[in-house]
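Asker: here is my input, please return the structure:
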Amino acid sequence: MPYAATMATVEVHDLQRMDYVGALDHQRRAHAAVVEGRDARVPMRLLLVEHDPPVVTVSRRPDAGKHVLASDARLAELGVQKVETDRGGDVTWHGPGQLVAYPILDLHRLDLRIHGYMRFLEQVVIDTLAAWGVQGIRDDSATGVWVGDGAAQRKICAMGVRISRWATLHGLALNVAPDMDQFGLIVPCGLVGRPVTSLAKELGARAPSMAEAKSALAGTLLHAVERRLAETGR
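Answerer: Here you go, the predicted structure:
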């Protein structure tokens, strides 16, 4: 597994470009290691990846499949996979140019439950965006991170997680510079009429590279974990 960085509490692994199923296998093995090593305080994990080939993931939420607008034949024609997933949320697209982060974190150590963990992830993204002068905001009606106000609000980061034995799987997808046309294959996150955006669309030539985005997001998340552990004394 390509290795990017280590802190005492979190290891960061850059999977580079990988298909969705392969990355899911890495997640599950990392999750098992974190859970089984809980008493020994083994490092938690952060997996970073761009999914290639692109993929539409469909949760088990009732009617989620209806939010895939393209036929199976059209997806195949475009080289886009379709995979059922066990995370929360609805329908998402992942592909090159989108930074997907899978934190495998022990919520016991962080003293968090589902709601608090989602707000924790949102804050990590908001703090990361601020480094490039982008103001990320929350929407009380929809999980994730948005930019803009009112009718001009656009989603820049989608989130969907699963909790098993109080350790996390899945995570977030930050649009750095993906092919935005492919979001037209779905109703992103099942939110009708809610547009999506990317750092490339918002910042143009000032947008970070994928390598810069990975470094910034990983650094922000690692420091957020350290702060949380310091606050909880765990």
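
Asker: where along this protein do the helices fall?
Answerer: The residue ranges that make up the helices of the chain, judged by DSSP state H, are 20-36, 72-78, 107-110, 114-130, 199-203, 210-232.

Asker: from the contact counts, what lies against the third one?
Answerer: In other words, helix 107-110. When contacts are defined as 3 or more Cβ pairs under 8 Å, 6 or more residues apart in numbering; DSSP states H and E, helix 107-110 sits against helix 114-130, helix 210-232. Placement of C-beta: from N, CA and C, glycine included.

Asker: what's the angle between the last one and helix 114-130?
Answerer: Right, helix 210-232. Following axes from the mean of the first three to the mean of the last three Cα atoms, to 10 degrees, one obtains 130 degrees for the angle between helix 210-232 and helix 114-130.

Asker: so what's the most centrally placed residue in the chain up against?
Answerer: With the centre of the chain defined as its mean C-alpha position, the nearest residue by Cα atoms, centre = their mean is residue 172, 1.3 Å away. Shown in contact with residue 172 (Cβ atoms under 8 Å, 6 or more residues apart in numbering): 100-101, 121, 125, 144, 157-159.

Asker: that one bridge partners, please.
Answerer: residue 101, residue 159 (DSSP bridges).

Asker: returning to that earlier point: out of the contacts of residue 172, the closest to residue 19 would be?
Answerer: Distances from the contacts of residue 172 to residue 19 were compared by Cβ to Cβ; the smallest belongs to residue 100, at 11.9 Å.

Asker: ok, and the most crowded of the contacts of residue 172?
Answerer: Scoring the contacts of residue 172 on neighbours with other Cβ atoms under 10 Å, the highest-scoring entry is residue 157 at 29 neighbours.

Asker: before we move on, the earlier item: possible to save the helices and strands packed on helix 107-110 as a markdown table with distance to residue 63 and mean pLDDT?
Answerer: Rendered in a markdown table, the data for those read as follows (distance: least, Cβ to Cβ, whole Å; pLDDT from 0 to 100):
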| stretch | distance to residue 63 | mean pLDDT |
| --- | --- | --- |
| helix 114-130 | 22 | 98 |
| helix 210-232 | 32 | 95 |
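
Asker: need those in TSV (columns: distance to residue 54).
Answerer: Converted to TSV, the helices and strands packed on helix 107-110 look like this (distance: least, Cβ to Cβ, whole Å):
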stretch	distance to residue 54
helix 114-130	21
helix 210-232	15
